[in-house]
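# The following block contains a protein sequence and its predicted model.
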Amino acid sequence: MERLVIVSNRVASSLRADEGGLATAIRAALHRREAMWFGWSGAVTEGDPGPVRTEVEGALTRLLLDVRREDFDGYYLGFSNRVLWPLFHYRVNLAEYDRDAWAAYRRVNDLFAERLAAVLSPDDTVWIHDYHLIPLGAALRRLGVGNRLGFFLHIPFPGPDVLTTLPVHEALVRALFSYDLVGFQTDRDLQAFADYVVREADGLISADGAAHAFGQQVQAAYFPISVDTRAVAAHAVRTAGTGVAARLRNSLSGRKLIIGVDRLDYTKGLVRRLAAIDRLLETRPQHRRAMVMLQIASPSREDVPEYQQIRAELDSWAGRINGRFGEPDMIPVRYLNRRFRQDTLFGFYRASRIGMVTPLRDGMNLVAKEFVASQDTEDPGVLILSRFAGAARELETALIVNPFDVDQVADALDRALAMPLEERRERHAAMMAQLEVHDVHAWWTSFLRALEAFGASSVAARPIVSEYAAWH
Ligand code: ADQ
């Protein structure tokens, strides 16, 4: 039987109900077929990494690999999170390129390739995820692996002017040409990739969507990731009336809840978001006793200095707003640095009048989709959504804002707080209709259908991608 082999930096354990979007989406793709999930174990070693550890859970086999500490630091903290993450989110000035980190990044990708090649069968379909593992396909090909190889990038693909600031941009893009299929989140990312191919690599894009450059070709398309819309809606109904979500609702005393849920990351626009709340309260005193903001920001990548800095900035903003506008019986901002079970978060969303999703740049942003799916269709909340989140390409009836414009975001908050029921329903219904069709199952099914078709024959695959791309 053909197996699906998923590869990502981390492999989620079966036990955690608070895992993030990538893990939840991958788990959906693994459903109901024989599959392996290969990735870093979470452990670093001082000497040579030992053998791959195997854990079997029904039809899923997890293969877990340790990495040497010095390689891990360069690969993960260094190149992935201090070079690729900022650069691909357009934060060129935060990218700290150095050759040693690039070398460690390639070494770890080579290690993944060597260990993975040893367990692959010729019929396995291999689906590699995200920016940590861009060169893995090329490393596998060097070892003679002829399997179907697909790659999906969860974060934005930057335009060529930004990408070329990376000294090793060509090696990185060239590596993408070892895959059979490369998937991006949105049409914008796909366009940015095509622009690089044409302008920087002197290549071309043929009518069937294949990119040709470096004497090779690869199929490229976009597959917007999504949520399990029905499951999210059902969880939200169940959790909204119980436990901590019910206590949250009861604590509001009639005030409207504004919610933000993010990893604590400088791409998520958290400082400007709190600045917009501050501006709203300053310029529209009528809202001071009528709303409360709940910002949940779970700590992330705390070894990277920029993350420590943003945490300090947010502490100070939350304190400042509460010091300025708080009253003995109420504080405007509740700011929590912790994780919750996902179904609890869905209950929180359902209790909220406004969801604020205002990243400065984001591949997709699943919180936006979870917020919409969690609403009561009879009395839905309003989504305020950054134009720079991939989700804005689909959720067009959200209140779309430029997160760099604090006044505009404050205006959108004002409008959302006063929005009549009829308008809220119309906007929500249009977004929900989109998410009911384009859920996480549509995402993984269309990617795998395309990959399996391309691997067999690139001609047979054409209609699938154009069909998928056509609904935008
Ligand atoms: P992230 O940057 O992690 O993902 P996002 O898409 O919003 O961003 O996913 C976050 C997930 O984590 C959501 O499912 C959310 O519910 C969950 N989460 C957030 N805070 C939490 C908390 N405090 N407790 C528990 N769960 C929490 C990357 C890209 C995105 C892309 C995804 C998937 O940066 O652009 O949408 O991958 O491709």
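Nice, I can see it.

# all strands of the stretch 1-150 of the chain, in order?
4-10, 35-45, 53-57, 60-68, 125-129, 148-152 (DSSP state E, counting those that start in this stretch).

# Tell me the residues of the chain that contact the ligand?
Taking CB under 6 Å from any ligand atom as the contact definition, the chain meets the ligand at 18, 20-22, 154-155, 225, 261-263, 296, 298, 339-340, 342, 345, 362-367, 370. Every residue, glycine included, has its C-beta placed from N, CA and C.

# Please list only the buried members of those.
20-22, 154-155, 225, 261-263, 296, 298, 339-340, 342, 345, 362-367, 370 (16 or more other CB atoms under 10 Å).

# Which ones among these map onto helices?
Among those, DSSP state H puts 21-22, 342, 345, 366-367, 370 in helices.

# Now pLDDT too, for those, in JSON lines please.
What follows is those, written out as JSON lines (pLDDT from 0 to 100):
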{"residue": "G21", "pLDDT": "69"}
{"residue": "L22", "pLDDT": "75"}
{"residue": "Q342", "pLDDT": "93"}
{"residue": "L345", "pLDDT": "97"}
{"residue": "L366", "pLDDT": "97"}
{"residue": "V367", "pLDDT": "98"}
{"residue": "E370", "pLDDT": "98"}
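
# State the pair within the residues you listed that is farthest apart.
Farthest-apart pair in these is L22 and L345; separation 15.9 Å (CB to CB).

# circling back to that earlier point, same list (the strands of the stretch 1-150 of the chain) but as JSON lines, adding mean pLDDT and distance to I384.
Output for those, formatted as JSON lines (pLDDT from 0 to 100; distance: least, CB to CB, whole Å):
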{"stretch": "strand 4-10", "mean pLDDT": "95", "distance to I384": "31"}
{"stretch": "strand 35-45", "mean pLDDT": "94", "distance to I384": "35"}
{"stretch": "strand 53-57", "mean pLDDT": "92", "distance to I384": "39"}
{"stretch": "strand 60-68", "mean pLDDT": "94", "distance to I384": "38"}
{"stretch": "strand 125-129", "mean pLDDT": "97", "distance to I384": "29"}
{"stretch": "strand 148-152", "mean pLDDT": "98", "distance to I384": "28"}
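
# got those strands as CSV, with mean neighbour count columns?
Below are the strands of the stretch 1-150 of the chain laid out as CSV (neighbours: other CB atoms under 10 Å):
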stretch, mean neighbour count
strand 4-10, 22
strand 35-45, 19
strand 53-57, 11
strand 60-68, 20
strand 125-129, 24
strand 148-152, 24
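
# would you turn those strands into CSV with distance to F325?
Formatted as CSV, these follow (distance: least, CB to CB, whole Å):
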stretch, distance to F325
strand 4-10, 40
strand 35-45, 42
strand 53-57, 50
strand 60-68, 47
strand 125-129, 43
strand 148-152, 43
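
# show me what contacts whatever residue of the stretch 51-200 of the chain ends up closest to the ligand?
Closest to the ligand within the stretch 51-200 of the chain is H154: 3.6 Å, counting by CB to the nearest ligand atom. Counting by CB atoms under 8 Å, 6 or more residues apart in numbering, H154 makes contact with 22, 129-131, 185, 225, 363-364.

# Just the closest of those to R255, please.
Nearest to R255 among the contacts of H154, counting by CB to CB, is M364 at 30.7 Å.

# In contact with the residue lying closest to A416 once chain neighbours are set aside, which residues are there?
Excluding the flanking residues, the one nearest A416 by CB to CB, 6 or more residues apart in numbering is V382, at 3.9 Å. Listed by CB under 8 Å, 6+ apart, the contact partners of V382 are 353-355, 398-399, 416, 419, 424, 427.

# Tell me where the protein is predicted with low confidence.
Along the chain, segments meeting pLDDT under 70 span 1, 14-21, 32, 455-472.

# Domain map for it?
Annotated domains of the chain cover 4-226+440-452, 230-437 [automatic domain parsing].

# Now do the end-to-end distance for the first one.
The reference is to domain 4-226+440-452. 11 Å (CA to CA, to the nearest Å).

# can you check stretch 69-80 too?
End-to-end distance for stretch 69-80, by CA to CA: 15 Å.

# Tell me the buried residues in that stretch?
71-76, 78-80.

# can you list contacts of the helix or strand harbouring A233?
Assigned by DSSP states H and E, A233 falls within helix 229-240. Defining contact as CB under 8 Å, 6+ apart, one finds that helix 229-240 is touched by 245-246, 249, 342-344, 346-347, 349-351, 369-370, 373-375, 432, 435-436, 439-440.

# hmm, 7 Å instead?
245, 343-344, 346-347, 349-351, 370, 373-374, 435-436, 439 (CB atoms under 7 Å, 6 or more residues apart in numbering).

# filter the residues you listed to the buried ones?
245, 343-344, 346-347, 349-351, 370, 373-374, 435, 439.

# Which one of those residues is nearest to the ligand?
E370 (5.4 Å).

# Apart from its chain neighbours, what residue comes closest to A220?
V182 (4.8 Å).

# so that neighbour sits in a strand?
Yes: counting by DSSP: H, G, I helix; E, B strand; the rest coil, V182 is part of a strand.

# Enumerate every residue touching E306.
Contacts of E306 (CB under 7 Å, 6+ apart): 94, 266.

# what about it, which helix or strand?
helix 305-325.

# Any buried residues in that helix, and which?
For helix 305-325, using 16+ other CB under 10 Å, the buried residues are 306-307, 310-311, 314, 317-318, 321-322, 325.

# Ok, stretch 433-445 next?
434-435, 438-444.
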